[in-house]
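**Student:** Have a look at this prediction, sequence included:
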Amino acid sequence: MFKKILVANRGEIAVRVLRACREMGIPSVTVYSDADKTALHTQSADEAYYLGPAPAIESYLRIDAIIEVARTAHAEAIHPGYGFLAENTQFARACEKAGIAFIGPTSAAIELLGDKIASKKTMTAAGIPCIPGTDGAIAEPEKAHHVAQEIGFPVLIKAAGGGGGKGMRVVRERKELQSAMKQAMSEAQSAFGNPTIFIEKFLEAPRHIEFQILADHHGNVVHLFERECSVQRRHQKLIEESPSPIVTPELRKQMGDAAVKAVKASHYTNAGTVEFMVDRERNFYFLEMNTRLQVEHPVTEMITGVDIVKEQFNITAGNVLPMQQEDLAMMGAAIECRISAEDPENNFAPSTGTIQEMILPGGPGVRVDSGVYKGFTVPIFYDPLIAKLLVWAPTREEAIQRMKRALYEYSIRGIKTSIPFHQLVMDHEKFVAGEYDTTFIDRVLKKIEYRKHYQEIAAIASAIGRSLSDRRAAAGSPLSREGVNPWKMAGRKSMMRRM
Amino acid sequence: MFKKILVANRGEIAVRVLRACREMGIPSVTVYSDADKTALHTQSADEAYYLGPAPAIESYLRIDAIIEVARTAHAEAIHPGYGFLAENTQFARACEKAGIAFIGPTSAAIELLGDKIASKKTMTAAGIPCIPGTDGAIAEPEKAHHVAQEIGFPVLIKAAGGGGGKGMRVVRERKELQSAMKQAMSEAQSAFGNPTIFIEKFLEAPRHIEFQILADHHGNVVHLFERECSVQRRHQKLIEESPSPIVTPELRKQMGDAAVKAVKASHYTNAGTVEFMVDRERNFYFLEMNTRLQVEHPVTEMITGVDIVKEQFNITAGNVLPMQQEDLAMMGAAIECRISAEDPENNFAPSTGTIQEMILPGGPGVRVDSGVYKGFTVPIFYDPLIAKLLVWAPTREEAIQRMKRALYEYSIRGIKTSIPFHQLVMDHEKFVAGEYDTTFIDRVLKKIEYRKHYQEIAAIASAIGRSLSDRRAAAGSPLSREGVNPWKMAGRKSMMRRM
Amino acid sequence: MAYVVKIDDREFKVELEKKGDRFDVLVDGQRKHVELVHRDGTAFLLLIDSRPYRVVLEADDQLMVNDEVYHTEVLDEQIQKLIKASPQSLHKKELVLRASMPGLVIEVLVNEGDSVTRDQGLLIIEAMKMQNEMKSSRDGVVKQVLVKKGQTINSGDKLVVIE
Amino acid sequence: MAYVVKIDDREFKVELEKKGDRFDVLVDGQRKHVELVHRDGTAFLLLIDSRPYRVVLEADDQLMVNDEVYHTEVLDEQIQKLIKASPQSLHKKELVLRASMPGLVIEVLVNEGDSVTRDQGLLIIEAMKMQNEMKSSRDGVVKQVLVKKGQTINSGDKLVVIE
């Protein structure tokens, strides 16, 4: 096993990987930008090196600087997390060149599968159904119009360089195409350092179901069953679960076999995810393969007991996979809610600031992967995902009940979070029934009336606060009315604390 | 199912039971003393009623007041947690009389098994091996001397009214007997409201291994495998794990069968624990049966996936157990560390005060059942257990590594806790090898040299703080040296915060 | 003492009587027993008819109940009557578009003097890697543009004034 | 600047040179690069040769490093030399037994004037439901008993003086 591992990322995923290092007794190194000097990942590693200014392009996306840190710290391997350089061929190649193990697939596999067009050809050749679309990157509006005309609107513009909904746009009419392309390219450039986009037929109301796979360097490939990821808002996954409410044992076998075939056809190694679109008739189509650790990997960890990050280390170190397909079984049901620093009551506007108080849920079947702590200032420069809340229970019904309980306990003050949004989804009859697709959120929960349960309680609390101040004023206290209001006093102390 | 449940306890176990209520959608009620007005359990229930002054005898042990709250709040059932009234026959009987369901066994079963003498007779008759000892309660030193002489020193004095090491004393010589009896009776009175004690042969260096059982009102009994509880200090369990490092599949079957037989012989219903002593030759002896939910029940929950508290509700409501013995399987390994407000570097002296900061561990395979939060003042009146930290992993080795990682992350400021003690145990070669018995802690870790890893770091930090203040003084700042030391400034702010 | 508390679009009449540590409260005529327990800093526990609520004071006119945020306005009942009796005739002629999040101005899509229609894009803002188009919520003429491309903005900053 | 820092039974010579935000530090002759980052309240992050340590100031002479508590005494190197040069002849004649925990005095086992031996029980204290016997750590005579049965005590309170 490696004598030292560098984690080239930040936030909850860096903390996640650093936890695996600590559990395996492997010394760890991480990197940080100006905005992350006191970040949780900076504190969680054995060594932390400064990379550069806050914008990712000047820090977390700097291949040269990261390789330099690995050399200085004598790290033998680099885990890229997700986002940033995780699916960057140049970075994987730079690691290979520097003699540092890249904890992920080979640069060749990233290149093949990162090229969404070439990968589709490979999959089609291997007999896996794919969605129709461009057979190459596209930059000129004229060519885009031509392709869109051919496959028929609606079409989907996608960034060739990465996932996560960034640089993605649905176009329903010809006239929207040009401005959508421009925005997508600009977003893709900013998110992945690569403006390349391509076009695909847009399936109406599909389900997004993906299979987690593990593949070692000795030809062994297993899948760890599916994750249902259809709760999305603007192509961003918000909630994931396993098992999928619609996947039958037969469909699971078919899709699992296809996922393993996709891995073998692309000579893929390490952990990866084969993403499928599933239509209403339960036909499935290969969408793309994510050549990295996914945000939602803990869902699979909870239903299989497999620690995916540790298996990534083992595979990269050349070890043989310790399990075969028949050793794996799904146990119970797991759900993940992504907790982001966004205000769901204000159209999910980013909400940055200092976390004043944080109470984490606990008790049976609850897992929290948090990248923040009380006192940390959430920077505006990076992804708004601050934590992931997961639950496990013997059945999906119990898991939903447990998630509601955990969301009730979870309290974050100082910034707005997506917690109220998740509470609404967990209460929604369609979600509870498992009847949802990728359009569910944008369609059903677009205009949400957030619950206000406690107006009367707030009124009582306000009136009591005011009455206490009025009483003292009437009693002829020499202090001004404001000066003796215990609520206001408390408020002042709180202000001082923030200084 | 019940329309409303009263939780007649406090701290982490009250929070645990209230979580089950919330997950099952059952409105909950709890009770609190003067010391617990802002306790976590008070905040976690749907309704909270005042009981009385801080000493338990005036609040949590008041049967009349608790029954009265149940009536006022229209609670249909009462969960007693552990400790306090959990194994009090009068309380169970008072519930039965008031027509309120007691979530636990019948008062008759509590009476039989709470009478450790009668229960041993029952077990012996059922063919289960027992430890020799008194055949009745003992109060006169003369009688005690006689019994001790008969079975031979060393002997163990135990409280008839409860467990948890309270009111328990080992006596190795005749001359120690009288004062040990006096102390044990006084402690037993204070802890359980019952000074009755009895005497048993003291086994040298045994293992303490217990079986969790569930029994419904329809004659179905299952066991949920063993918990190894041999890491004890003065008969107080500190660390529990499952599976036990020494239990083979054959021994598990024998002991499990004996546990089920013990349950049937005593006509026991609800959740319970059959405790055994196991000697070096792996002979096992019935020790006693705990007629309540145990502190360490989550260990079993983690390896079986069964929610024991929810099953208690189901059983009490008259439902049939949803599983049979053959449906149950052990998965992986789980360990629990009891986090107590005690100073392990100062002979485990109780450490009360206000929690200034609390960072909970998270990530894969970690469960925290906490009864406190940042800002809460831990009262001196109750048990020092403030939280339980549990981990699960596929193997015992990985579970130990994970526990070390979680203990590293767990940070509580303001009071001393047993965390450093647990870190020492997890690093101890005997624990890692699974070679320990109930004398392990008192024998091996009696005089512990707590690690001081960071003396040099502390020296550097102190010198930097001092130098910053010296520099400003030298620069001719009009403020006194103390006034400009940033460390001291920070310290002042911290003081204000506490006001 | 009697107050009128305005929360969102609702109004509550709250009458209070202090009895030792507790309060007898009449909310819109309904009687409740209330106990206020200080928890930590600006956090309190309010027991209303034995039901616990976590209340946190966020600002003078804002508080949280069980993590939900409420903006409140407390008026003495007498003063409230006077206000209601006096004629009011304020109505806003200007629309001020404010930043709903901190971020970076990527593009300014309008100039001062431009006519704009409802839902027309005015600015593109980037924060946390996502670009968002800020739209006009009504028809009008751009009176002022207060930011420029490349500028960093904070939540609440004025961006564009439309009249 | 050079300091002598006493921690537990060890002494460190620490020489510092401030370079912008960082420090060049010599600890007992070994060079280290140190960066101090303020975290929250009295909490700091100290990066020593890129190794992060969580440092929290607990009191003037006490700090925590990664949750371990250290009592420190910082002396200017010059002053330290003067102290070492001057003769010291303090030695404690009295043993003051202090409460190591808050609790309730259940029993006082000795009276003023009693002779006691090492490990002899002096008091029984109860806290958190456990009774603990407080023992003498040496032979001597009880000079003062400062508490009585039934009294509530706080951590650090003087209980018994033995000389």
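**Tutor:** Arrived safely, thanks for sending.
**Student:** What about residue 5, how many residues nearby?
**Tutor:** Picked chain A for this. Look at A:Ile5: counted by other CB atoms under 10 Å in any protein chain shown, it has 29 neighbours. Glycine gets a C-beta too; all of them are placed from N, C-alpha and C.
**Student:** meant chain C actually
**Tutor:** C:Val5 has 25 nearby residues by other CB under 10 Å.
**Student:** any idea which element it lies in?
**Tutor:** strand C:2-7 (DSSP states H and E).
**Student:** repeat for C:Glu126
**Tutor:** strand C:121-127.
**Student:** Remind me what that strand packs against, helices and strands.
**Tutor:** Packing partners of strand C:121-127 (3 or more CB pairs under 8 Å, 6 or more residues apart in numbering or on different chains; DSSP states H and E): strand C:103-108, strand C:130-135, strand C:158-162.
**Student:** Pull up the pairing partners for the last one, direction included.
**Tutor:** What it means is strand C:158-162. Paired neighbours of strand C:158-162 in the sheet (DSSP bridges): strand C:95-98 (antiparallel), strand C:140-145 (antiparallel).
**Student:** C-alpha coordinates for that strand, PDB please?
**Tutor:** The C-alpha coordinates for strand C:158-162 follow below in PDB (Å, rounded to 0.1, in the frame of the first residue of the first chain):
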ATOM      1  CA  LYS C 158     -28.700  47.300  -5.400                       C
ATOM      2  CA  LEU C 159     -28.100  46.300  -9.000                       C
ATOM      3  CA  VAL C 160     -30.600  48.000 -11.300                       C
ATOM      4  CA  VAL C 161     -33.400  50.500 -10.800                       C
ATOM      5  CA  ILE C 162     -36.400  50.300 -13.100                       C
END
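**Student:** chain center to that strand, what's the gap?
**Tutor:** Mean-position distance between strand C:158-162 and its chain equals 19 Å (CA atoms, centre = their mean, to the nearest Å).
**Student:** List the buried residues of the helix or strand encompassing A:Ser119.
**Tutor:** Per DSSP H and E: A:Ser119 is located in helix A:116-125. Within helix A:116-125, the residues scored as buried using 16 or more other CB atoms under 10 Å in any protein chain shown are A:Lys116, A:Ile117, A:Ser119, A:Lys120, A:Thr122, A:Met123.
**Student:** residue contacts, residue 128?
**Tutor:** No chain in the question, so chain A it is. By CB atoms under 8 Å, 6 or more residues apart in numbering or on different chains, the contact set of A:Ile128 is A:Ala258, A:Lys261, A:Ala262, A:Ala265, A:Phe286.
**Student:** ah, no, chain C please
**Tutor:** A:Ala341, A:Glu342, A:Pro350, A:Thr352, A:Ile380, A:Phe381, A:Tyr382, A:Asp383, A:Pro384, C:Gly103.
**Student:** again, but for C:Asp61
**Tutor:** Counted by CB under 8 Å, 6+ apart, C:Asp61 has contacts C:His71, C:Thr72, C:Glu73.
**Student:** go on, C:Gly113?
**Tutor:** C:Val141, C:Val142.
**Student:** swap in A:Leu360?
**Tutor:** A:Leu360 neighbours (CB under 8 Å, 6+ apart): A:Val368, A:Ser370, A:Glu409, A:Tyr410, B:Leu360, B:Gly362.
**Student:** Flag the shaky bits of the chain, pLDDT-wise.
**Tutor:** No chain specified, so I'll use chain A. A:162-164, A:446-448, A:451, A:469, A:471-499 (pLDDT under 70).
**Student:** that's the wrong chain, I wanted chain C
**Tutor:** For chain C (pLDDT under 70), the answer is C:78-93.
**Student:** Pick out the residue of it closest to chain D.
**Tutor:** C:Gly41 (12.2 Å; CB to the nearest CB).
**Student:** By neighbour count, which of the contacts of C:Asp61 wins?
**Tutor:** C:Thr72 (21 neighbours).
**Student:** The strands paired with strand C:158-162 into a markdown table, with extra columns for mean neighbour count?
**Tutor:** Listed next are the strands paired with strand C:158-162 as a markdown table, based on neighbours: other CB atoms under 10 Å in any protein chain shown:
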| stretch | mean neighbour count |
| --- | --- |
| strand C:95-98 | 16 |
| strand C:140-145 | 16 |
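**Student:** Can I take it that A:Tyr268 is in a helix?
**Tutor:** No: counting by DSSP: H, G, I helix; E, B strand; the rest coil, A:Tyr268 falls outside a helix, being coil.
**Student:** ok, it - contacts?
**Tutor:** A:Pro105, A:Ala109, A:Leu113, A:Ile213, A:Ala215, A:Ala262, A:Met289, A:Thr291.
**Student:** next one: phi and psi at it?
**Tutor:** phi -80, psi 140 (degrees, to the nearest 10).
**Student:** excluding its backbone neighbours, what's nearest it?
**Tutor:** Distances taken as CB to CB, 6 or more residues apart in numbering or on different chains place A:Ala109 nearest to A:Tyr268, at 5.0 Å, with adjacent residues excluded.
**Student:** Three-state assignment for the one you found, please.
**Tutor:** Classified using three-state DSSP, A:Ala109 is helix.
**Student:** Please work out the residue of chain A nearest to chain D and name it.
**Tutor:** A:Gly375 (3.0 Å).
**Student:** what about that residue, distance to chain B?
**Tutor:** Using CB to the nearest CB, to the nearest Å, one obtains 9 Å as the distance from A:Gly375 to chain B.
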